[in-house]
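Undergrad: Provided below for reference: sequence and predicted model.
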Amino acid sequence: MDETLNFSTFILSLSTSVLVNLGELPDPISNEKKVDLTMAKHSIDVIEMLKEKTKGNLTEEEDRLISNILYELMIKYVEAAKRG
């Protein structure tokens, strides 16, 4: 199995981490859904930082991917934060 890590798969991996921390997906180790808003926010901040640091160096597809993922994750984060 030859899986190459590229920018898109890295961003998707970070996105999955956020979804786990928001309780949207089960933790891959415990198979339980837990909410950790601090870790979710941290991962969202990392994606935002990567978007800023890579500005002008991404393909159109990568730029659209990171923008869409950030938008979706921020909405899910706000919803989770409101639930407490």
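TA: Happy to help now that I have it.

Undergrad: name the helices or strands packed onto the one helix or strand Ser17 maps to?
TA: For Ser17, the element it lies in under DSSP states H and E is helix 7-21. When contacts are defined as 3 or more Cβ pairs under 8 Å, 6 or more residues apart in numbering; DSSP states H and E, helix 7-21 packs onto helix 37-53, helix 60-83. In short, each C-beta sits where N, CA and C put it, glycine included.

Undergrad: quick check: buried residues in it?
TA: Phe7, Ile11, Leu14, Ser15, Ser17, Val18, Leu19, Val20, Asn21 (16 or more other Cβ atoms under 10 Å).

Undergrad: excluding its backbone neighbours, what's nearest the residue nearest the centre of the chain?
TA: Centroid-nearest residue in the chain: Ser15, 2.1 Å away (criterion: Cα atoms, centre = their mean). Leaving aside its chain neighbours, Ser15 sits nearest to Ile69 (4.9 Å; criterion: Cβ to Cβ, 6 or more residues apart in numbering).

Undergrad: same deal with Leu19?
TA: Leu25 (4.6 Å).

Undergrad: cheers, nothing more for now.
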